[in-house]
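J.: Sequence plus the predicted model coming up.
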Amino acid sequence: MIKLTGDIRRDFERVSAEYTELKSRILEYQETVKELRRSLEKARESRKTQKTDYEQRLAEKDAIIQTLTNRLEHELALKAHDGTNTGTPTSQTPIGKRKRIPNSRISTGRKKGGQPGHKRHMLEAPPDDEIDVIAVHELDAEDSCPKCFGQNYSFTGEREVKYEVDVRVNVVKKKHEYYVYECQDCGKYFRTVITPNLRAHCQYGPMTQAAALSLMDTVNAPINKVRTFLSGLTGGQIEPSEGYIAKLQLRAATALGTFMEDLRLVLVTRSLVYWDETVIMIHKARGCLRFYGDEMIAYYAAHLHKDMKSLDEDNVLILLTPDTSVMHDHNKVNYNEKYCFRNLECNQHLQRDLQKSADDTRHPELMGLKELISKTIHDRKDLIAAGAEAFDDTYAACFEGRLNDILDQAGKTNAEDFSPYFGQFEKNLIERIREYHDNYFAWVYDFSLPTTDNLSERALRCIKSRMKISGQFESVITAEHFAKIKSYIETCRKNGINEIHALTRLCEGNPYTVKEIFRSG
């Protein structure tokens, strides 16, 4: 504080100087405050930026963690895929992983093997009039008693009899003599008619050819193994060349042209037709083998491409009427507007998809639907055994109610807990069941309709074994040859005709006709 002296001029100067100094200091303080405020604002902005950056980096790390978690769940789900929830065959089970063999049978709780009270099945001894060889087993002169080793023994007249049923291969070398005649009226020379299977001067007979075809098309033996087997079975007397064996397919398939056309015409009149297709390799390219048929017919077709054009070439589906029901594994091509038949969907494949979705998403609702379908099929079998033709209205209504409740709850769970990897498959599966409800569950209202496409699956299983052994077909033509011969063999077998006998007639140039097959069946 300024102390006044009483001298106004001097006191004024001193006060002015003090004022000026204070004003300057205030300005300095104000600048300092502004600078501090600017620093504080910068600090706040920096803190905000750092917080935002931190939150962003934290969110990125959370996203990475979630992505890795999802990937881990995805890999674990893929590792859990097997024959119960996908189409993976049990033969492709990885080493070290327990094989899961799908089995829809309900356990009885009893031990495996023969059950108490069941009749024991044994090979029965042939009657005496069918005995071809009697082998008498007597002691040799140097044999002795097993107890005292003495040789003073005598035959008691008693016998202990054992029977043996075996196969003996006898090679037959047949000479055919066709007499030549001279017409006494015109002088022309002519002979009796030679059958087409005896065109060459010397050839293998129809039984040998039939055995080779059976080995190739049923046993799936490679051509070189067919030659080895025939040679070993006959002691080297029959040893056809590999080229000859390969040509048998062509000759047999060519002789089945009329048979295949007649079989197709019968097939399209059936009230229920199963069909499916599988991938085969044709000269390093992916082709397809199709099966059409039922309990009595097996019609195969091979194609280089799996498309609508090849379906039209088969000329089967397009000829079916609205009175025909077609069972398949959700082949959406069946719903093409050019077709007018009734579609049936395979419930075994549906249950497999339900199991897969439940395993992948850990959502229990669709697993409940699988159990509902399994129980309903089991109840249906019991009713069929009792002579029923359909469920009563109360049971069917209860089934529909539970089905809709499960689908509604599954849809809600899918929306609330949507899996980035498996959620879309689950959603699509729910929508598919709703859209194709009548096709999936027609068997609930009509016991004459099948629940699965297992007949087609079994019919195509043989080609998978063939692909593992042979790898591929040389061309689509050789695949077509296999399809024709397989159609003939399987149709004959389904109707109780012996395969070797049927193939022998084929190799003689006189295959069974479709009319003969169904007359015998």
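T.: Alright, I've got the coordinates.

J.: Residues contacting stretch 66-76, please?
T.: If you take Cβ atoms under 8 Å, 6 or more residues apart in numbering as the criterion, stretch 66-76 is touched by 419, 420, 421, 422. Yep, even glycine has a C-beta here, placed from its N, CA and C like the rest.

J.: Could you find which two of the residues you listed are furthest from each other?
T.: 420 and 422 (8.1 Å; Cβ to Cβ).

J.: of those two, who's got more company?
T.: Neighbour tally, residue 420 and residue 422, criterion other Cβ atoms under 10 Å: the higher count belongs to residue 422, 22 against 12.

J.: List the residues that contact the more buried one.
T.: Neighbouring residues of residue 422 by Cβ under 8 Å, 6+ apart: 74, 77, 357, 360, 361.

J.: The fourth one contacts residue 421, doesn't it?
T.: Spelled out, that is residue 360. Yes. Using Cβ atoms under 8 Å, residue 360 is in contact with residue 421, at 7.4 Å.

J.: hey, which helix or strand in this structure has the poorest pLDDT?
T.: Least confident helix or strand, the chain: helix 8-79 with a mean of 86, by mean pLDDT, DSSP states H and E.

J.: Report the next helix or strand after it in sequence order.
T.: strand 180-182 (DSSP states H and E).

J.: strands paired with that next one, and their directions?
T.: Under the criterion DSSP bridges, strand 180-182 sits next to strand 189-191 (antiparallel) in its sheet.

J.: Now tell me what touches the strand it pairs with from outside.
T.: Against strand 189-191 from outside (Cβ under 8 Å, 6+ apart): 178, 179, 180, 181, 182, 183.

J.: how does it look with 10 Å?
T.: Contacts to strand 189-191, defined as Cβ atoms under 10 Å, 6 or more residues apart in numbering, come from residues 177, 178, 179, 180, 181, 182, 183.

J.: Neighbours of the third one, how many?
T.: Okay, so that is residue 179. By other Cβ under 10 Å, the residues close to residue 179 number 7.

J.: Can you tell me how far the residue nearest to it when sequence neighbours are not counted is from residue 174?
T.: Spatial nearest neighbour of residue 179, excluding adjacent residues (Cβ to Cβ, 6 or more residues apart in numbering): residue 192 at 5.9 Å. Distance from residue 192 to residue 174, counting by Cβ to Cβ, to the nearest Å: 16 Å.

J.: Comparing these two, which residue is more hemmed in?
T.: Each of residue 192 and residue 174 has its neighbours counted (other Cβ under 10 Å); residue 192 has more, 10 against 6.

J.: same for the longest strand along the chain, what does it pack against?
T.: For the chain, the longest strand by residue count, based on DSSP state E, is strand 272-282. Contacts defined by 3 or more Cβ pairs under 10 Å, 6 or more residues apart in numbering; DSSP states H and E place strand 272-282 against strand 285-293, strand 298-303, helix 308-314, strand 325-328, strand 342-345, helix 454-470, helix 476-494.

J.: Make a markdown table out of these and add mean neighbour count and distance to residue 276.
T.: What follows is these, written out as a markdown table (neighbours: other Cβ atoms under 10 Å; distance: least, Cβ to Cβ, whole Å):
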| stretch | mean neighbour count | distance to residue 276 |
| --- | --- | --- |
| strand 285-293 | 21 | 6 |
| strand 298-303 | 24 | 11 |
| helix 308-314 | 14 | 13 |
| strand 325-328 | 23 | 6 |
| strand 342-345 | 22 | 12 |
| helix 454-470 | 17 | 4 |
| helix 476-494 | 21 | 14 |
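
J.: If you average pLDDT over each of those, which is lowest?
T.: Note on the helices and strands packed on strand 272-282: lowest mean pLDDT is at helix 454-470, with a mean of 89.

J.: Check which helices and strands that helix sits against.
T.: helix 206-217, strand 272-282, strand 285-293, strand 298-303, strand 325-328, helix 347-361, helix 476-494.

J.: Could you rerun that using 6 Å?
T.: If you count contacts as 3 or more Cβ pairs under 6 Å, 6 or more residues apart in numbering; DSSP states H and E, helix 454-470 packs onto strand 272-282, strand 285-293.

J.: who touches residue 245 in this structure?
T.: Applying Cβ atoms under 6 Å, 6 or more residues apart in numbering, we find residue 245 in contact with 212, 223, 226.

J.: Doesn't the last one lie inside a strand?
T.: No. When the secondary structure is assigned by DSSP: H, G, I helix; E, B strand; the rest coil, residue 226 falls in helix instead of a strand.

J.: Quick one, grab the pLDDT at the residue nearest to residue 176 when sequence neighbours are not counted.
T.: In space, residue 176 comes closest to residue 198 once its chain neighbours are excluded; the distance is 6.2 Å by Cβ to Cβ, 6+ apart. Note on residue 198: pLDDT of 86.

J.: State the distance from the nearest residue to residue 302 once chain neighbours are set aside to residue 277.
T.: Spatially, and ignoring its direct neighbours in sequence, residue 302 is nearest to residue 479 (3.6 Å; Cβ to Cβ, 6+ apart). Separation of residue 479 from residue 277 (Cβ to Cβ): 13 Å.

J.: And for residue 227?
T.: Here residue 227 is placed at a distance of 32 Å from residue 277 (Cβ to Cβ).

J.: Specify the residue ranges that define each domain of this structure.
T.: Domain ranges of the chain: 1-40, 251-328+476-520, 347-444, per automatic domain parsing.

J.: Would you mind putting the ones you listed into CSV with distance to residue 158 alongside?
T.: Shown next, in CSV, are the domains of the chain (distance: least, Cβ to Cβ, whole Å):
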stretch, distance to residue 158
domain 1-40, 122
domain 251-328+476-520, 41
domain 347-444, 51
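
J.: Can you tell me how far residue 268 is from residue 320?
T.: For residue 268, the distance to residue 320 - Cβ to Cβ - is 6 Å.
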